[in-house]
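A.B. asks: Got a sequence here, can you model it:
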Amino acid sequence: MSPNEKTEEETITNIDESLYSRQLYVLGHEAMKKMQNSNILICGMGGLGVEIAKNTILAGVKSVTIYDQKNTSHEDLSSQFYLRESDIGKNRAICSHKYLSELNTYVTVDVFTSNIEWNYFKKFQVVVLTDSFYDEQIKIGNFCHENEIKFICAETRGVFGKIFCDFGKSFRIFDVNGQNRKSSMISCITNDKDGIVTTFEDQRHDLEDGNYVIFSEVKGMSEINNKEFKVKVLSPFSFSVGDTSNFKPYESGGIALEVKKEKIIDFKSYELSSQEPKYMDSDSYWGDEDQRKIDNDTTHLAFQTLDEFRKENSDNLPNPWNLKDAIRFVEIANILNLERKNQFPKLNENLLKIFSLVSRGNLCPIQSVIGGTAAQEIIKACSGKFHPIHQYFYFNCQEVLPENVLEKINYVKYETEGRYSSQINIFGQDFQEKLENLKIFLVGSGALGCEYLKNLAMMGIGSGPNGLITVTDMDTIEKSNLNRQFLFRSWDVNKSKAEVSSRAAKEMNPNLNIRTNLNRVGPETENIYNEEFYNSVDVVCNALDNVKTRLYIDSKCIEFRKPLIESGTLGTEGNVQVCLPFLTEAYSSSQDPPEKNIPICTLKIFPNAIEHTLQWARDMFQGLFTNSAISAQNFLKDPQNYFHNLQKLGIQQRLEELKQLDKIFFEEKCSNIEECIVWARENWEENFNNNIQQLLFNFPSDSLMGNGLPFWTSPKRCPHPLAFSPDNTLHFEYIFTAANLKASLHGIEQVRERQKVYDYVKNVQVQKFIPKTGVRIKVNENDEDEIDFNDENEIERLTNLLNENYENLKNNSSLIPIEFEKDNDENLHMDFITTCSNLRAENYDIAPTDKHNSKLIAGKIIPAIATTTSVIVGLDCIELYKIVQGHQRIEFYRNSYINLALPFFQSSEPMPVTKYKFNNVEWSLWDRIEIKGEMTLKQFLDYFKEEHKLTVTMIGYDVVTIYSNFLSIEKRKDRLNKKITEILEIIKKEKLPEHTKSLTLSIVCYDSNEEDVDIPLIKYTIRN
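C.D. replies: Here you go, the predicted structure:
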């Protein structure tokens, strides 16, 4: 090889961040580069095989070869979403190839349909078997183990699923959990045989026993710096690190940073593992402690028994819901168990019977769960990122079947042909008709929504004469969506998500009835999503990415008593919550704690982490290029209204607002690119030199606080000013990005030739800064704002200045506010923020970060990967089966949490709804007191007094107080004889919309003993 030639591995290093951006935040560049050198063979293109292939191709491996010798049959159509009725009789792999190839242009997708020779397997780093039987699994598994090829066996039968992994001897995991390294600021370290490290009170260390940390910036106990220590957790704010008794005493400062350790594990071959199975820790998934916990031993033997039954019955599986076959299946399982070297102590014969009864069926949601999980294992096998399944994972969702199903064994009417035959083999024809006539409201058609539509299409939901899927999404498709929202293609970018996804679902199942809307669900669309609409819906499925809309949908499901399936994902983590009227709590019954905000003083003066400098840079962008221009436009559009609204602000806010207008209109107005460069240079000097000099003038590095302790002590970091150099890449990048953004703001053509900017800025001279005395710097959140009696005069001066120049400004202003857009790599937005943040980090000796990580933090990006979405929506649709089944007992339902990285699977019963009582009547959040027909306020008050023996002291609607005993006597008297709606319209100064049929009122009241009483909300019907 020539010295100038690159190896194949070296050439595959470029990653399309605009496509893989959300996935990169899950996997990282190193793992992605390893995947780009991996070739995968997936055998079997049934519903499970195509699900694994779809997710693997989206993930971005080098190549995927799909192998299959089977032809399409009716049984494929209820789960293999890339097969059509016109494909029956044709090879499944060939028919699927076109669709799979379109998923990711960076991945080569090949088809193989001939008999496989053993050497053919050696072309691949990972071999995946689906739709196979035990003998074949043993042979191929052994060959892969002997030839150091990673081997995965995935299988679904009825309501059961299985994954087996063999990644060979000494498989190296370079990152077990994929989490960011934990960092803590130290407040104290003791000199002791078991030295205790304490963090600041507001900073949990989040470490676990056995973790390792490395210390830096510790003063006094300098011996501890740059050394690794094993952690023993003592509390959320303290941990021990072993003997520190011989170290110098701790003085101040210090950072403890987690050290990630590699892990090496050994895998047994499929044959050895089948005799001595090692399961995923049973406490870590489906974490119930009752009898319904998965019986791994019985399920393990059931999959083996299926192959023996098939051999005994001329290659046929047990007939659906055939008791004779089920009894024989149990007999074979018991024989196999007796033949085992290590017999299982007890088999669950009911589970074996159910396995036999449903083994001829396949369900798309279960294949989504197993297929998504298996695809994540492929990623682990290729990259060494995250902990693999070691070695068996079994899945079982018998709860989708009727209660006491073995007592109703003849309930199923099944068919051997037809689009849904594989699903009917499990549930029967009557259940299938229920699915087809179901009415679903799907809110969102992004990542979760695409997976939902795939599953709903395969299940046949909404395909009957009375069935309907209503889907709504106001968003359009972006390139970054294509990596996980698999119904979209590159030619769909900028098109409607709802329309494209609905059309794709109809192609999967032409019988679907889909109504597509392009609007947001919220108060502004209650004329569309009104009482009549919700009364026509059977189940609501949320596929959203924001809490505000989730809470709104939840409130509507409570109001109209509709089942809600709620879910979300974050990287490899995901959750499912099922909310059932009168049975479970609602989504809003429990919420995550609010996001912790960074204190203003930390942002402005005392940053100690890159997150602080990034937020500061993000605020800088907003202030310089967005907010001031929007304020300027508001002033130019209607100065009278602008000053009217300005009066509502405090003096300091008014002054700051007017100063910004003064800058953008006068002081910092630019007419050409040269002036923009000068402005950028002066702005650099102000932020990274002058302001820091002033801060150090007020608080020198050796200054002391009133208690005699150093002012600059942890968590405060003492800054230093920067000296500008055009030859410093970071310094110049700030000038280049800031000048070009300033040009855009003023409607000036940008200059992207760096040399031109460099040649000009190197000659720009800035005024030398001399710190001023008497400048007050607020260093504590609780410090009062300084009152300057000249502020009012300055406000008046600036107001007059703007009014005097209004006509001139209106005729000559060309301001264009710049809205922050993180995903456009050409617009310089993230370049500016990254550079700005890293310069401030340099001021404070904080480690910088790259543009990729800056985008994650400043853009508040939610990491995402297709595998998690596939699993979560599979679990969603399993709960949907249960709702249609009509289960009334809460123990049949499951809320789930997964983390595919660990891997960790947990399910639990939903929390039951909390019950209350008033007047010996039991009620919950799902109940309403219904009042039909209009009433005056007096009639309303009398109604509760007479009917419920309650005295009402307050009536509220949304944020409006209709009545309160705190109101003046005149107001109460005036309202008593007015109708409730009339009072409401007077207060809101607008008519109630015609589509409003009822109001949800809340009241405060007390009983005859003058004790406060909680009662349900009031449904106050005003129109039929």
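A.B. asks: make it CA atoms for all contacts and neighbour counts henceforth
C.D. replies: OK.
A.B. asks: domain assignment for the chain?
C.D. replies: Per the TED database, the structural domains of the chain span 183-259, 600-859, 915-1021.
A.B. asks: Next, count neighbours for residue 274.
C.D. replies: Per other CA atoms under 10 Å, the neighbour tally for residue 274 reads 18.
A.B. asks: So in terms of bridging, what pairs with residue 1006?
C.D. replies: residue 951, residue 1012 (DSSP bridges).
A.B. asks: What residues does it make contact with?
C.D. replies: Listed by CA atoms under 8 Å, 6 or more residues apart in numbering, the contact set of residue 1006 reads 950, 951, 952, 953, 1012, 1013.
A.B. asks: Of these - the most surrounded one?
C.D. replies: residue 950 (25 neighbours).
A.B. asks: Which of the contacts of residue 1006 sits closest to residue 33?
C.D. replies: residue 1013 (62.8 Å; CA to CA).
A.B. asks: Tell me the spacing between the residue nearest to the closest one when sequence neighbours are not counted and residue 925.
C.D. replies: Among residues not flanking residue 1013 along the chain, residue 1006 sits closest, at 5.3 Å (CA to CA, 6 or more residues apart in numbering). Look at residue 1006 and residue 925: by CA to CA, to the nearest Å, they are 19 Å apart.
A.B. asks: Throw the contacts of residue 1006 into a markdown table and include distance to residue 271 and pLDDT, thanks.
C.D. replies: Shown next, in a markdown table, are the contacts of residue 1006 (distance: CA to CA, whole Å; pLDDT from 0 to 100):
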| residue | distance to residue 271 | pLDDT |
| --- | --- | --- |
| 950 | 73 | 94 |
| 951 | 75 | 96 |
| 952 | 74 | 97 |
| 953 | 74 | 96 |
| 1012 | 69 | 93 |
| 1013 | 66 | 93 |
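A.B. asks: What is the nearest of these to residue 659?
C.D. replies: Relative to residue 659, the closest of these is residue 953; by CA to CA it sits at 47.7 Å.
A.B. asks: what are the phi and psi values for that closest one?
C.D. replies: Backbone geometry at residue 953, expressed as degrees, to the nearest 10, gives phi -110, psi -10.
A.B. asks: Test my guess that it contacts residue 1003.
C.D. replies: Yes - Residue 953 is within contact range of residue 1003, at 7.4 Å (criterion: CA atoms under 8 Å).
A.B. asks: pLDDT below threshold where in the stretch 1-150 of the chain?
C.D. replies: The stretch 1-150 of the chain contains residues with pLDDT under 70 at 1-13.
A.B. asks: what ranges do the strands span in it?
C.D. replies: Under the criterion DSSP state E, counting those that start in this stretch, the stretch 1-150 of the chain contains strands at 39-43, 63-67, 108-112, 126-129, 150-157.
A.B. asks: And the stretch 401-550 of the chain, by the same measure?
C.D. replies: 439-443, 468-472, 514-517, 539-542.
A.B. asks: Equivalent analysis for the stretch 751-900 of the chain, please.
C.D. replies: Using DSSP E, counting those that start in this stretch, strands in the stretch 751-900 of the chain cover 895-899.
A.B. asks: if I pick residue 503, what's in contact with it?
C.D. replies: Applying CA under 8 Å, 6+ apart to residue 503 gives no contacts.
A.B. asks: Give me the pLDDT for it.
C.D. replies: With respect to pLDDT, residue 503 scores 98.
A.B. asks: beta partners for residue 385?
C.D. replies: For residue 385, the beta-bridge partners are residue 175 (DSSP bridges).
A.B. asks: okay, now it: neighbour count?
C.D. replies: Residues within reach of residue 385, counting by other CA under 10 Å, total 25.
A.B. asks: Pretty sure it sits against residue 179.
C.D. replies: No - using CA under 8 Å as the test, residue 385 is too far from residue 179 to be in contact (10.8 Å).
A.B. asks: gap between stretch 33-41 and the chain center?
C.D. replies: In terms of CA atoms, centre = their mean, to the nearest Å, the centre of stretch 33-41 is set 26 Å apart from its chain centre.
A.B. asks: Name the nearest residue to residue 112, ignoring sequence neighbours.
C.D. replies: Among residues not flanking residue 112 along the chain, residue 67 sits closest, at 4.8 Å (CA to CA, 6+ apart).
A.B. asks: do the same with residue 458
C.D. replies: In space, residue 458 is closest to residue 78, 4.7 Å off (CA to CA, 6+ apart).
A.B. asks: How about the contacts made by the one you found?
C.D. replies: 362, 363, 364, 419, 420, 421, 422, 423, 458, 459, 460.
A.B. asks: separation between it and residue 461?
C.D. replies: 11 Å.
A.B. asks: how many neighbours does residue 954 have?
C.D. replies: Counted with other CA under 10 Å, residue 954 comes out at 17.
A.B. asks: Residue 201 too?
C.D. replies: 10.
A.B. asks: which residues does it contact?
C.D. replies: residue 237.
A.B. asks: if we go to 6 Å?
C.D. replies: The contact partners of residue 201, by CA atoms under 6 Å, 6 or more residues apart in numbering, come to none.
A.B. asks: Could you report the distance from it to residue 715?
C.D. replies: On the measure of CA to CA, residue 201 and residue 715 end up 11 Å apart.
A.B. asks: same thing with residue 40?
C.D. replies: Using CA to CA, residue 40 is found at 49 Å from residue 715.
A.B. asks: Kindly report the same for residue 80.
C.D. replies: Residue 80 sits 57 Å away from residue 715, going by CA to CA.
A.B. asks: who has more neighbours, the two?
C.D. replies: Looking at residue 80 and residue 715 with other CA under 10 Å, you find the greater number of neighbours at residue 80, namely 26 against 19.
A.B. asks: list the contacts for the more buried one?
C.D. replies: By CA under 6 Å, 6+ apart, the contact list for residue 80 reads 46, 47.
A.B. asks: just to revisit the earlier point, as JSON lines, the strands of the stretch 401-550 of the chain with mean neighbour count, distance to residue 485 and mean pLDDT would be great.
C.D. replies: Shown next, in JSON lines, are those (neighbours: other CA atoms under 10 Å; distance: least, CA to CA, whole Å; pLDDT from 0 to 100):
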{"stretch": "strand 439-443", "mean neighbour count": "23", "distance to residue 485": "15", "mean pLDDT": "98"}
{"stretch": "strand 468-472", "mean neighbour count": "23", "distance to residue 485": "15", "mean pLDDT": "98"}
{"stretch": "strand 514-517", "mean neighbour count": "17", "distance to residue 485": "17", "mean pLDDT": "98"}
{"stretch": "strand 539-542", "mean neighbour count": "24", "distance to residue 485": "16", "mean pLDDT": "98"}
